[in-house]
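Enquirer: A structural model of the following input is requested.
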Amino acid sequence: MKSHGKFILVILLMLVAVVVIEYRMPRRFIWQPTFSHSDAQPFGCLVFDSVMKASLPNGYTVDRRTLFQLFQDGVITHPKFYKDSVATSPKSLVIITKEMIGEGTRDYILQLADEGNTVMVATTYLNEWADTLGFDFRWNNSFILSEVAGNNIEKDTLKWVSDMPKDSVYAQVPLWQSVYPQMIERTLLLPDSVPHDNLLIYNGTREGDSVCEPVAVSFSIGSGELILVSSPLLLTNYMTLDGNGSALQGRLMNRLKANPVIRTEAYMSVTAQE
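Expert: The predicted structure is shown next:
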């Protein structure tokens, strides 16, 4: 019996040791973009959302309701057409996705911007915006871990080019951020005839040629603003924790800070939300 008891004790100690070792080992990252508020992996948004919540002066919340549901619940409104709505102050809205949001939602966003709201849409699905706003876009490679891991990949750069308000802490401070080219999945091509303000420029190479193309652009729509970001991976945990990435994100979000900011997860896949 004593030998049997010692044997069981040794097995239990070995199991405890295995659990402790496993717990202390580095955890494997999952490089799947979810943009989820609860995802602490590189391409989730848990860290990004936490920083924004602590930084934006008029509040930052994450919501799973669609824009139409937010309107029905009185959170956002069309002040021009709905005078009796309880929500009359402008809002700043953020959508980060890789999926189609639909023409109805696109038109609704343009209406919201026209009536004084600020809307940021970070997406790789640009077809539904290109014809409406009069621009074209260029496809780059999607982020695939096997093409980056173990390879000596030269990074390209992002440059903030838009002027900042004189009272901003970012005024007159240049900002450069190194970035893997695979994270820049789309770049924007805007003719001079389309009124816009370039915010963020991607400087790199493509097939041996130099590239200098915007990845974040502002459009004045009515009395509001639409900000289009063609590389949604820039608004994830990875960029928040990488180099000047948090400062770059801060400058983008600085354009939304005058109003309460709502990021809706309604336009991500169900898998990402779960």
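Enquirer: Tell me the bridge partners for Leu228.
Expert: Counting by DSSP bridges, Leu228 forms beta bridges with Val121, Val217.
Enquirer: Can you report how many residues lie near it?
Expert: Using other C-beta atoms under 10 Å, Leu228 has 25 other residues around it. Bear in mind the C-beta positions are built from the backbone N, C-alpha and C, glycine included.
Enquirer: list the contacts for it?
Expert: Met120, Val121, Ala122, Thr123, Leu126, Trp129, Leu133, Leu188, Ala216, Val217, Ser218, Phe219 (C-beta atoms under 8 Å, 6 or more residues apart in numbering).
Enquirer: With respect to Leu9, which of these is nearest?
Expert: Of all these, Ala122 has the smallest distance to Leu9: 55.7 Å, by C-beta to C-beta.
Enquirer: That closest one and Asn152, how far apart?
Expert: Using C-beta to C-beta, to the nearest Å, one gets 29 Å for the distance from Ala122 to Asn152.
Enquirer: In this structure, mark out all the helices, start to finish.
Expert: For the chain, helices defined by DSSP state H occupy the ranges 2-24, 46-55, 67-72, 103-114, 127-133, 237-241, 245-254, 270-273.
Enquirer: Packing partners of the third one?
Expert: Helix 67-72 is packed against helix 103-114, strand 261-264, with contacts defined by 3 or more C-beta pairs under 8 Å, 6 or more residues apart in numbering; DSSP states H and E.
Enquirer: Strands along the stretch 101-250 of the chain, start to end?
Expert: Ranges of strands in the stretch 101-250 of the chain, per DSSP state E, counting those that start in this stretch, are 118-123, 136-139, 156-160, 176-179, 186-189, 197-206, 209-221, 224-229.
Enquirer: I'd like the ones you listed laid out as TSV, including mean pLDDT and distance to Ile30.
Expert: Formatted as TSV, the strands of the stretch 101-250 of the chain follow (pLDDT from 0 to 100; distance: least, C-beta to C-beta, whole Å):
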stretch	mean pLDDT	distance to Ile30
strand 118-123	97	20
strand 136-139	92	25
strand 156-160	92	24
strand 176-179	88	20
strand 186-189	95	23
strand 197-206	91	26
strand 209-221	93	24
strand 224-229	96	23
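Enquirer: With respect to Leu12, which of the ones you listed lies nearest?
Expert: strand 176-179 (49.0 Å).
Enquirer: List the neighbouring strands of the closest one plus their orientation.
Expert: Using DSSP bridges, the strands paired with strand 176-179 are strand 156-160 (antiparallel).
Enquirer: buried ones in the strand it pairs with?
Expert: By neighbour count on 16 or more other C-beta atoms under 10 Å, the buried set for strand 156-160 is Asp156, Leu158, Trp160.
Enquirer: And the residues you listed, which is closest to Asp242?
Expert: Distances from Asp242 to those, taken by C-beta to C-beta, are shortest for Leu158, at 11.0 Å.
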